[in-house]
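S.K.: Below: sequence and its predicted model.
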Number of protein chains: 2
Amino acid sequence: MTDHHTPDRADVVVVGAGMAGLTCANVLLGRGADVLVLEARDHVGGRTRTVEAGGESVDLGGQFIGPGQDRAYALAAELGIEVFATYNAGDHLMETAAGRVRPWRGTVPRLSVPETLDLAQAMARFERLARTIDPSSPWTGSGAAGLDGQTLGGWLRRTLWTTGGRELFTAASRLLWACEPGELSLLHALFYARAAGGLRAVMATEGGAQQDRLDGGAGEMARRLAARLGDRVRLATPVRAITRDASHVVVTTGSGRSVRAGQVVVAIPPTLAGRIHYDPPLPAARDRLTQRLPMGGAIKCVLVYGGPFWRAAGFSGQALSLRGPVDGVADSSPRSGGRGVLVAVMHRPAPQEAVLNQLTRLFGAEAARPLAAVRHDWSADPFSRGGYAALFPPYTWTRYGPAVREPVGRIHWAGSETATRWYGYIDGAIRSGEAAAEAVL
Amino acid sequence: MTDHHTPDRADVVVVGAGMAGLTCANVLLGRGADVLVLEARDHVGGRTRTVEAGGESVDLGGQFIGPGQDRAYALAAELGIEVFATYNAGDHLMETAAGRVRPWRGTVPRLSVPETLDLAQAMARFERLARTIDPSSPWTGSGAAGLDGQTLGGWLRRTLWTTGGRELFTAASRLLWACEPGELSLLHALFYARAAGGLRAVMATEGGAQQDRLDGGAGEMARRLAARLGDRVRLATPVRAITRDASHVVVTTGSGRSVRAGQVVVAIPPTLAGRIHYDPPLPAARDRLTQRLPMGGAIKCVLVYGGPFWRAAGFSGQALSLRGPVDGVADSSPRSGGRGVLVAVMHRPAPQEAVLNQLTRLFGAEAARPLAAVRHDWSADPFSRGGYAALFPPYTWTRYGPAVREPVGRIHWAGSETATRWYGYIDGAIRSGEAAAEAVL
């Protein structure tokens, strides 16, 4: 349903039909609230997005779930979506900055002995520091200001003394956050890992955040959640303004229609939430935060092949590159077998030819000739403006962080960036939607 | 004139009646263009703002001009506004982090011999690095990525080896940029100084950026520029949307009125420019930039006294504090004599009592009892959302910088943040308005 039939009243308006907004709306509906979800796009799912390519359902957005993401597993089960293991057999590949390709297995690529020791001590220090963070309030704690006053990049330069170790940590950072490690505060990186249970949890496939996938694509979750809401979800209905007084809010859409509600849950990325026109204006504390929460620059390229040819050659399809433009690759083939699918992620734009050249360097000549190829630059998408998630630059958590979840009158905030567990993940989005629903109720 | 009488056509629409927009519009008018300036506020001036307090005209925003700011001096002369020297006689004061107050003279407070040597070597290194920057393209140059990958705060920690030297540079940074030095990229600090002719130029009163003031207040410039434009300036007319095609743009205001024009100049801070709804959406390169250009947190407190009592006590009225909450103070008394006015600047909110306590520590008991006091938190102002200017965090100039001035079809960008000389100053705003007018023509 689009804007033309939007009702003019609801108990709660939810802005955004991503995983946070849809979860929130379903909880509210289950408690008897009259809820209305307004979505700018012509489809639901937010930063999850499943499309057809080469006859297969492929994921252009968030797609993995793993141990500890209890809410994501529970929701998948509740929605009748089967979970299956990410392909993880054979050799992973690492491409050095100089372009050498080396096989490895496990969570961390093999390096020389000094490099391995160096990486191990840095990861141990990182994990130790991460354990000092309270993920529900990373701005507290005696060490917070010091950790927030430096970038992850600066810390890597000081902490790792081998080139190989430093390069590897840098490559992993680019893959994890879709940015240069110099763009984030060390505190944010620590918080992010802490909210996920540790650095190994976010980096690993088996036993980590990339362990499992969703049959039919991650977008299936949003589709089924939206189906339960029926015409309570309105597509192609961007929200432009939110006016509030002591007793209600009025949400105005792009076509000038208004919906009057008791409360509103804004479940979109903070940088986009900051672009809505608020009357009265939001407090300085909230605006100062949203001014400084840029999104990561994730671009996902999906390549569909006749089959997963890399498996026969003994490769897992997983790769990490220090050379780029692609930062990381994974096997994203459908559960059913048949087609082979690779997903390549980069944090800054590069031509498709460079992507295919790199996949050819890694997996051989067959990689150059996909049956189908789709890509999504999340920064160019006007309704996400980046991915995977918002990045906290230095001094943002400690000086402006509390505003990330603090409601402003009848306005509540949701989205993976407001989660205290699994920030930036599908699971975090679900948790944030549940938390917002509780706050509203 | 307000929105009700807004015409529906113009050659050029200028968004924002700050110094950049008004300068641009006047140049265009002088060349025969039919120009219309749309201003969200009920007054002109942008980040300059002169109000009445205690019977005097006092400045709550940008207020100083100095050598090298040729366009600002020329404009003042052209508008018939007299320029006079900032009061600079007597002792300046420095308050240490521990709360000790010490007098000093000249540009840089006196420290112990090792601290003085330390500060001198750091300033020399800073100036040397700044000279490597091309202010028209700070992202170029072999060293740019390295300088942009670190924060000014990190560089200060590594470069200064005495506590006193480091504290002083930190205090000066807070005063200059209204933020913690850890919030900015080193490259941005270097660019900023370079665009102004050097670090001493931005720090100094006599011979530097605080040398002179404008009779009647800095707001007089905008008022007189606006008077020349007459009803071509529309107040209380916020712009919400800009639609464009190959032949024209349509600018839509908060009340839903539309103006069709050949071109549009958006002369507001980048973080606010990013909140306008653009159709078609802006390219990713531009949006990625505006997502990461937060404004400084300047709060100006103006205190009006019966007279400039500090002068008789041998004080200049200028102070720098490492203790806070006020980072810096200056004598802002009217040219005419009579009342005494102090302006206190801080980079984060603090109660007025704390401000008055600090002024009392510095200048004695009389400071506790102003006749009148006004303050402006620029972050709480919905039409600036901070001050003095946008801050570039690490990796922003080198990864996203070129989009700061690059037009998008018929949309041009102006404002002090687009200036290649005197970025963040009134003079930079004037230059940016002139440059935008040339680009439009």
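M.R.: The structure has been received and is ready for your questions. Numbers count the residues shown, from 1 in each chain, chains lettered A, B, ... in the order given.
S.K.: need the residues of the stretch 1-150 of chain A near chain B, please.
M.R.: Residues of the stretch 1-150 of chain A lying near chain B by Cβ under 8 Å from any Cβ of the partner chain: A:148-150. Glycine gets a C-beta too; all of them are placed from N, C-alpha and C.
S.K.: Include neighbour count when you put the residues you listed into CSV, please.
M.R.: Output for the residues of the stretch 1-150 of chain A next to chain B, formatted as CSV (neighbours: other Cβ atoms under 10 Å in any protein chain shown):
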residue, neighbour count
A:Asp148, 27
A:Gly149, 22
A:Gln150, 22
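S.K.: Nearest to chain B among these?
M.R.: Taking Cβ to the nearest Cβ as the measure, chain B lies nearest A:Gly149 of these, at 4.1 Å.
S.K.: In contact with the closest one, which residues?
M.R.: A:185, A:394-395, B:151, B:153-154, B:180, B:182 (Cβ atoms under 8 Å, 6 or more residues apart in numbering or on different chains).
S.K.: where in the stretch 101-250 of chain A is pLDDT low?
M.R.: The stretch 101-250 of chain A contains no residues with pLDDT under 70.
S.K.: Adding distance to A:Ile242, write the residues of the stretch 1-150 of chain A next to chain B out as a markdown table.
M.R.: Formatted as a markdown table, the residues of the stretch 1-150 of chain A next to chain B follow (distance: Cβ to Cβ, whole Å):
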| residue | distance to A:Ile242 |
| --- | --- |
| A:Asp148 | 30 |
| A:Gly149 | 34 |
| A:Gln150 | 36 |
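S.K.: which ones among those are found in helices?
M.R.: For the residues of the stretch 1-150 of chain A next to chain B, the ones inside helices are A:Asp148, with DSSP state H as the criterion.
S.K.: quick one: what helix or strand has A:Arg200 in it?
M.R.: According to DSSP states H and E, A:Arg200 maps onto helix A:199-203.
S.K.: gap between the very next helix or strand once past that helix and the chain center?
M.R.: Remark: after helix A:199-203, the chain's next helix or strand is strand A:212-214, criterion DSSP H and E. With Cα atoms, centre = their mean, to the nearest Å as the basis, strand A:212-214 stands 15 Å off its chain's centre.
S.K.: So what's the residue count around A:Leu371?
M.R.: Neighbour count for A:Leu371, taken as other Cβ atoms under 10 Å in any protein chain shown: 15.
S.K.: just the strands in the stretch 301-441 of chain A please.
M.R.: Counting by DSSP state E, counting those that start in this stretch, residue ranges of the strands within the stretch 301-441 of chain A are A:315-321, A:328-331, A:340-346, A:372-377, A:411-413.
S.K.: Same list, the ones you listed, but as JSON lines with distance to A:Ala53 and mean pLDDT please.
M.R.: Below are the strands of the stretch 301-441 of chain A laid out as JSON lines (distance: least, Cβ to Cβ, whole Å; pLDDT from 0 to 100):
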{"stretch": "strand A:315-321", "distance to A:Ala53": "17", "mean pLDDT": "96"}
{"stretch": "strand A:328-331", "distance to A:Ala53": "15", "mean pLDDT": "98"}
{"stretch": "strand A:340-346", "distance to A:Ala53": "8", "mean pLDDT": "98"}
{"stretch": "strand A:372-377", "distance to A:Ala53": "4", "mean pLDDT": "98"}
{"stretch": "strand A:411-413", "distance to A:Ala53": "34", "mean pLDDT": "98"}
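S.K.: Now the helix of greatest length in chain A - C-alpha only, PDB.
M.R.: Determined from DSSP H, the single longest helix within chain A is helix A:113-130. Taking C-alpha atoms only, helix A:113-130 is exported to PDB below (Å, rounded to 0.1, in the frame of the first residue of the first chain):
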ATOM      1  CA  VAL A 113      56.300 -16.300  13.500                       C
ATOM      2  CA  PRO A 114      57.100 -12.600  14.500                       C
ATOM      3  CA  GLU A 115      54.000 -11.400  12.700                       C
ATOM      4  CA  THR A 116      51.800 -14.100  14.300                       C
ATOM      5  CA  LEU A 117      53.100 -13.200  17.800                       C
ATOM      6  CA  ASP A 118      52.600  -9.500  17.100                       C
ATOM      7  CA  LEU A 119      49.000 -10.100  15.900                       C
ATOM      8  CA  ALA A 120      48.300 -12.300  18.900                       C
ATOM      9  CA  GLN A 121      49.500  -9.700  21.400                       C
ATOM     10  CA  ALA A 122      47.500  -7.000  19.600                       C
ATOM     11  CA  MET A 123      44.400  -9.100  19.600                       C
ATOM     12  CA  ALA A 124      44.800 -10.000  23.200                       C
ATOM     13  CA  ARG A 125      45.300  -6.300  24.100                       C
ATOM     14  CA  PHE A 126      42.200  -5.400  22.100                       C
ATOM     15  CA  GLU A 127      40.100  -8.100  23.800                       C
ATOM     16  CA  ARG A 128      41.300  -7.100  27.200                       C
ATOM     17  CA  LEU A 129      40.400  -3.500  26.500                       C
ATOM     18  CA  ALA A 130      37.100  -4.500  25.100                       C
END
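S.K.: That helix packs against which elements?
M.R.: Of the remaining helices and strands, those touching helix A:113-130 by 3 or more Cβ pairs under 8 Å, 6 or more residues apart in numbering or on different chains; DSSP states H and E are helix A:152-159, helix A:163-177, helix A:186-195, helix A:199-203.
S.K.: Could I get these in TSV, plus columns for distance to B:Val251 and mean neighbour count?
M.R.: Listed next are those as TSV, based on distance: least, Cβ to Cβ, whole Å; neighbours: other Cβ atoms under 10 Å in any protein chain shown:
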stretch	distance to B:Val251	mean neighbour count
helix A:152-159	40	22
helix A:163-177	37	22
helix A:186-195	37	26
helix A:199-203	45	21
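S.K.: Out of the ones you listed, flag the one nearest chain B.
M.R.: Counting by Cβ to the nearest Cβ, chain B lies closest to helix A:152-159 out of these; the figure is 5.2 Å.
S.K.: Only alpha carbons, please: show that closest one as CSV.
M.R.: What follows is helix A:152-159, C-alpha atoms only, in CSV (Å, rounded to 0.1, in the frame of the first residue of the first chain):
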residue,chain,number,x,y,z
LEU,A,152,41.6,2.6,15.9
GLY,A,153,44.2,3.4,13.1
GLY,A,154,46.4,5.2,15.5
TRP,A,155,46.2,2.4,18.0
LEU,A,156,47.1,-0.2,15.4
ARG,A,157,50.1,1.9,14.4
ARG,A,158,51.3,2.0,18.0
THR,A,159,50.4,-1.5,19.1
